[in-house]
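> Here's my sequence, what's the structure:
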Amino acid sequence: MVKRFRSSIPYCSFCKRSQDEVERLIAGPDRVFICDDCVYLCKEILEKEQEEEQKQRRSTSRFPAPHDIYTRLNEWVVGQERAKKVLAVAVYNHYKRIGIRTGDIELQKSNILLVGPTGCGKTLLAQTLARILDVPFCIADATSLTEAGYVGEDVETILLRLIQAADNNIPLAEKGIIYLDEIDKSNRKSGDNPSITRDVSGEGVQQALLKIIEGTVANVPPQGGRKHPHQEFMQINTSNILFICGGSFDDVDKIISNRIEVKGQFGFQKKPVPLALRRSDLSKAELLRQLTPDDLIEYGLIPEFVGRLPVIVTVDALDKSALKRILTEPKNALVKQYHRLFKLDGVELVFTSESLDVAAEIAYRQSIGARGLRAIIEDTLLDVMYEIPSRQEIKKCVITESTISHLAGPELYDEYGRLLSWDVTKAA
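Alright, predicted model coming up:
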């Protein structure tokens with residue numbers, strides 16, 4: 001009798017509370033009901049999902065035009081004008097491909113290969129692109145990767161870093177950028193012929209990278225490390241992840257030079273070899289601009305890997321003028337950073353133009369590029385940064401060419417402009 005009475009009272013099909021226990025019960029077909037509390041709960045769930053979807057689409061719904069990307073790159077990167085234009089177009093087309101669905105025409109992914117000497121700005125270009133587009137970004141060193149089953153990092157570790165950079169938001173990570181540095185160090189160890197012994201850190205890494213670079217659904221261990229049976233995985237689709245590979249490719253210019261010379265001398269030479277084809281007349285930067293996929297294959301990259309990097313961008317070595325500009329012009333220029341650090345101690349920091357010339361000259365002479373500028377400036381300012389917090393009378397610090405060359409200490413002034421003493425032996 002009680003059961004019959006209970007079954008006759010309408011109740012919420014979701015939370016199972018009866019009509020007497022809720023404020024309102026909404027009826028559906030076939031005696032299906034939902035209460036007002038469950039309606040509000042469903043509304044909150046849907047709104048939260050919509051917010052997440054909008055957040056995920058934010059990076060691709062309004063992608064900047066190539067001109068805008070180039071302009072933003074100029075704020076952070078000095079020089080490399082051609083490289084910035086090529087990257088701007090390539091990145092624009094990549095994210096346009098994600099945002100626009102074509103019917104019968106499939107737009108293939110255009111991953112990027114950056115070729116240039118150490119310290120020329122390859123990593124900075126990739127980092128700045130991610131900042132401009134507001135997408136997750138991670139850097140991986142190809143030299144630390146090995147083929148699955150061997151000591152070292154699996155390629156899935158790279159994807160885990162990207163997921164972590166996206167705060168574990170996998171749909172957002174699927175639109176991110178991965179920069180693979182030192183990719184030239186994964187070249188095939190034996191040239192054109194496959195190695196007799198297993199090349200787990202060279203050709204093996206290239207083979208392992210093929211699928212994720214082209215686009216696949218990868219299983220990533222949540223905690224990293226090696227995969228093992230009965231382990232839970234996170235799945236991520238790499239089809240829309242932009243892969244930018246970078247490397248110095250030392251001596252690849254010799255391969256290009258030999259190819260150009262052979263091409264110029266092919267057949268009976270009734271006319272002299274054109275000036276543009278004489279390798280002795282071409283600089284290293286000019287040779288690199290003529291880099292072809294075949295040159296990369298001869299260098300040691302496998303053809304399948306080269307085929308998945310259709311956009312090849314050469315980045316020039318930095319001359320002394322560019323190195324000096326790097327110290328002062330970008331948004332986060334090194335000199336601006338140290339100005340800010342000294343200002344926090346109430347001290348005005350001044351670099352003379354000649355001091356910047358000397359710093360650029362040292363970096364250029366040592367062939368360490370922009371990466372070495374910080375070491376030079378840090379070494380110059382070490383002793384003064386050690387002294388300033390203990391000497392409240394110092395209000396101004398001037399760095400001269402002699403300071404950079406370690407021939408004299410910095411010029412220190414008090415609030416009245418009086419020159420203060422500096423013990424050169426202390427700075428030695």
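
> Please enumerate the helices of the stretch 201-350 of the chain.
203-214, 252-264, 284-288, 293-299, 303-307, 320-328, 334-343 (DSSP state H, counting those that start in this stretch).

> Could you pull up the mean pLDDT of the biggest helix by length in the chain?
The single longest helix within the chain, with elements called by DSSP state H, is helix 36-61. Helix 36-61 comes out with an average pLDDT of 78.

> if I pick residue 241, what's in contact with it?
Counting by CB atoms under 8 Å, 6 or more residues apart in numbering, residue 241 makes contact with 162, 173-178, 212. Heads up, the C-betas are built off the backbone N, CA and C, glycines and all.

> returning to what we had before: as CSV, the helices of the stretch 201-350 of the chain with mean neighbour count would be great.
Below are the helices of the stretch 201-350 of the chain laid out as CSV (neighbours: other CB atoms under 10 Å):
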stretch, mean neighbour count
helix 203-214, 20
helix 252-264, 16
helix 284-288, 18
helix 293-299, 19
helix 303-307, 16
helix 320-328, 20
helix 334-343, 16
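
> worst average pLDDT in those?
The minimum mean pLDDT among the helices of the stretch 201-350 of the chain belongs to helix 252-264 (a mean of 81).

> For residue 368, list the residues it contacts.
Counting by CB under 8 Å, 6+ apart, residue 368 touches 118-119, 375.

> Same question for residue 111.
Here residue 111 is in contact with 213, 242-245, 308-311 (CB under 8 Å, 6+ apart).

> so how far is residue 329 from it?
According to CB to CB, to the nearest Å, residue 111 stands 30 Å off from residue 329.

> do the same with residue 297
Using CB to CB, residue 297 is found at 38 Å from residue 329.

> swap in residue 43?
Computed as CB to CB, the residue 43 to residue 329 distance reads 51 Å.

> quick one, which of these two is more surrounded?
Legend: neighbour count by other CB atoms under 10 Å for residue 43 and residue 329, higher for residue 329 (17 against 10).

> Isn't that one up against residue 78?
Yes: at 5.7 Å, residue 329 counts as touching residue 78 under the criterion of CB atoms under 8 Å.

> Can you give the domain ranges for the chain?
2-58, 62-257+284-314, 320-427 (automatic domain parsing).

> What's the mean pLDDT across stretch 77-91?
Mean predicted confidence for stretch 77-91 is 92.

> quick one, strands of the chain?
25-27, 33-35, 112-115, 137-141, 177-181, 217-220, 234-237, 242-247, 311-314, 348-351, 396-399, 411-413, 419-420 (DSSP state E).

> Now render these as JSON lines, adding distance to residue 282 and mean neighbour count.
Shown next, in JSON lines, are the strands of the chain (distance: least, CB to CB, whole Å; neighbours: other CB atoms under 10 Å):
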{"stretch": "strand 25-27", "distance to residue 282": "78", "mean neighbour count": "14"}
{"stretch": "strand 33-35", "distance to residue 282": "76", "mean neighbour count": "20"}
{"stretch": "strand 112-115", "distance to residue 282": "16", "mean neighbour count": "26"}
{"stretch": "strand 137-141", "distance to residue 282": "31", "mean neighbour count": "19"}
{"stretch": "strand 177-181", "distance to residue 282": "27", "mean neighbour count": "24"}
{"stretch": "strand 217-220", "distance to residue 282": "42", "mean neighbour count": "16"}
{"stretch": "strand 234-237", "distance to residue 282": "43", "mean neighbour count": "16"}
{"stretch": "strand 242-247", "distance to residue 282": "21", "mean neighbour count": "26"}
{"stretch": "strand 311-314", "distance to residue 282": "13", "mean neighbour count": "20"}
{"stretch": "strand 348-351", "distance to residue 282": "36", "mean neighbour count": "18"}
{"stretch": "strand 396-399", "distance to residue 282": "39", "mean neighbour count": "21"}
{"stretch": "strand 411-413", "distance to residue 282": "46", "mean neighbour count": "19"}
{"stretch": "strand 419-420", "distance to residue 282": "52", "mean neighbour count": "13"}
